[in-house]
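J.: build me a model:
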Amino acid sequence: MTDPIRDFLEREGFLVLDGGLATELEALGCDLDDPLWSARVLIDDPAAIRAAHRRFLEAGADCIATATYQATFEGFAARGLDAAATTRLLRDSVELAIAARADFLGGRVAPEPDGTPPPPADPPPPNRPPPLVAASIGPYGAYLADGSEYTGGYDLSAAALYDFHAPRWEVLAETEADLLACETTPSVEETRAYCRLAAVSHRPTWISFQCRDGAHLADGTPLATAVALCDAEPHVVAVGVNCVDPRFVTPLIRAARRATEKPILAYPNSGEAWDADAKRWSGPATPMDWARSAAAWREEGADGVGGCCRVGPAAIAAIRRATR
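T.: Residues are numbered from 1 along each chain as shown. Predicted coordinates:
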C-alpha cells in the first residue's frame, strides 16, 4: 500500500488542507437547504464544485476533499436515483476534484459556474507537488441530516455501520482518489467500522473525529481510545479532528499524539454551533488568527491544518503563509 500522506510529508514537511466545501459552494450561490446538503450540487451544478475546489487550490491547499460527505446510496434513493445513477455521481465527484487539480497544475482556469470568464492565472511553482484528492466519507449521522454527527446519538453497532458505509466505500475505493477521508466521526463504533473497511479495501484512509471537548469524541469515548484503534490498523495512515471549535484543537492534538505516531490533521470549524432544527449555524464564531493558530498547532504536533464549516479560502491562504 502506498501512503500518500507520509510521502507528501517526507517531501514537504507539512500538509495544508482545504476549507469548508459547503461553505464555498454557498458563497458561489448554491442552495444547500436540502437533506443531501453539498451532495445536492453533484446533481444540480457540478461546475460549481469544480470551481470551489479550484478556489481552495489557488489559496494554497495541498489536499482537496470531494463532495461526497453526504452522498450515500440511501440518500440519493430518497431523491429517486437508482444504484447505477448514485455510482456515477460518486465517481463524478472524484473526477471533478481531479479535473480541478489538473486545471490548477496546468495554469488553466475553469469558467465560473455562471459562465463568466475568469481572470488569467499563473501556474503553480514548478517545485510544488501535485495536491492530493481525498474521497470524503461522512458519518451515518450526516445521512440522517439531523445533527447527530455532532452527538453520535445513533444506536448502531459497528457491524451495522460497516454495512451502511460499505457500498459507497467500495465505489470510492475504486476511483483515482489518492486516499479516503472519514470525516466528523462521532463514535467509537463508527471508528471500528471504518478501520475494518480500510483493512478490507487495502486503501489508505484517514479518520478524523468530531469531539465534544478537548478530550472526548461526541459520544463520550476518550479520543485516545479511538486513536488507538486507528493506530493498530496499518491502512489508516493518519488521524485527525474536524468541525470542532478551534479552542479544543490544542488539547485534542496532544491527546491524539499520546496515542499514535501517525500524522495528525486538524481542521476545525469557525466555532459556531450547528442548529439541527433551524438547519443553520448559530452563535458567535471563535475569534481566530488562522496564521498564528496554524503555526501553534504545528508546534503541538499537527502534521496538517485546514478548516471545515464556515472556513473559506482566505483562512487557507493564511495557513499556507504561516506553514511554508
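
J.: how many neighbours does residue 4 have?
T.: 19 (other Cβ atoms under 10 Å). Every C-beta, even on glycine, is put in place using the N, C-alpha and C of the backbone.

J.: ugh, wrong one, residue 95
T.: 16.

J.: for it, what are phi and psi?
T.: Phi and psi for residue 95, reported as degrees, to the nearest 10, are phi -60, psi -30.

J.: can you show me the helices along this structure?
T.: Secondary structure of the chain (DSSP state H): helices at 4-12, 21-27, 40-44, 46-59, 73-78, 83-105, 140-144, 158-173, 188-201, 223-231, 249-259, 290-300, 313-323.

J.: need the ones you listed in JSON lines (columns: mean pLDDT and distance to residue 129).
T.: Listed next are those as JSON lines, based on pLDDT from 0 to 100; distance: least, Cβ to Cβ, whole Å:
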{"stretch": "helix 4-12", "mean pLDDT": "97", "distance to residue 129": "6"}
{"stretch": "helix 21-27", "mean pLDDT": "95", "distance to residue 129": "22"}
{"stretch": "helix 40-44", "mean pLDDT": "94", "distance to residue 129": "28"}
{"stretch": "helix 46-59", "mean pLDDT": "96", "distance to residue 129": "13"}
{"stretch": "helix 73-78", "mean pLDDT": "96", "distance to residue 129": "34"}
{"stretch": "helix 83-105", "mean pLDDT": "97", "distance to residue 129": "10"}
{"stretch": "helix 140-144", "mean pLDDT": "94", "distance to residue 129": "30"}
{"stretch": "helix 158-173", "mean pLDDT": "98", "distance to residue 129": "23"}
{"stretch": "helix 188-201", "mean pLDDT": "98", "distance to residue 129": "24"}
{"stretch": "helix 223-231", "mean pLDDT": "98", "distance to residue 129": "25"}
{"stretch": "helix 249-259", "mean pLDDT": "98", "distance to residue 129": "24"}
{"stretch": "helix 290-300", "mean pLDDT": "97", "distance to residue 129": "18"}
{"stretch": "helix 313-323", "mean pLDDT": "96", "distance to residue 129": "14"}
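
J.: residues touching residue 36, list them.
T.: Taking Cβ atoms under 8 Å, 6 or more residues apart in numbering, we find residue 36 in contact with 43, 70, 71, 75, 76, 79.

J.: ok, residue 233 next?
T.: Shown in contact with residue 233 (Cβ under 8 Å, 6+ apart): 195, 198, 199.

J.: ok, and the most crowded of these?
T.: Neighbour counts for these (other Cβ under 10 Å) peak at residue 198, which has 26 neighbours.

J.: now do the contacts for it.
T.: With contacts defined as Cβ under 8 Å, 6+ apart, residue 198 is in contact with 180, 204, 205, 233, 235, 236.

J.: among these, which ones are in strands?
T.: Counting by DSSP state E, those place 180, 205, 236 in strands.

J.: isn't the last one right next to residue 202, touching?
T.: Pointing back at residue 236 there. No. Using Cβ atoms under 8 Å as the test, residue 236 is too far from residue 202 to be in contact (11.9 Å).

J.: okay, those two: which has more neighbours?
T.: Higher neighbour count among residue 236 and residue 202: residue 236, with 24 against 11, using other Cβ under 10 Å.

J.: quick check: phi and psi on residue 220?
T.: According to degrees, to the nearest 10, residue 220 has phi 100, psi -10.

J.: report the contact partners of it.
T.: With contact taken as Cβ under 8 Å, 6+ apart, residue 220 is in contact with 152, 212.

J.: distance of it relative to residue 6?
T.: Distance, residue 220 to residue 6, by Cβ to Cβ, to the nearest Å: 31 Å.

J.: with residue 167 instead?
T.: 29 Å.

J.: so what sits opposite residue 181 in the bridge?
T.: Beta-bridge partners recorded for residue 181 (DSSP bridges): residue 136, residue 206.

J.: coming back round to it: now the helices of the chain as CSV including distance to residue 150?
T.: Formatted as CSV, the helices of the chain follow (distance: least, Cβ to Cβ, whole Å):
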stretch, distance to residue 150
helix 4-12, 26
helix 21-27, 15
helix 40-44, 20
helix 46-59, 23
helix 73-78, 18
helix 83-105, 24
helix 140-144, 7
helix 158-173, 17
helix 188-201, 13
helix 223-231, 15
helix 249-259, 15
helix 290-300, 22
helix 313-323, 21
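
J.: identify the residues contacting residue 92.
T.: So residue 92 contacts 42, 46 (Cβ under 8 Å, 6+ apart).

J.: state the distance from it to residue 61.
T.: Here the distance between residue 92 and residue 61 works out to 21 Å (Cβ to Cβ).

J.: could you do residue 161 as well?
T.: 29 Å.

J.: which residues sit against stretch 283-301?
T.: 14, 245-247, 249-250, 253-254, 256-257, 264, 266, 270-273, 305, 307, 310, 315, 318-319, 321-323.
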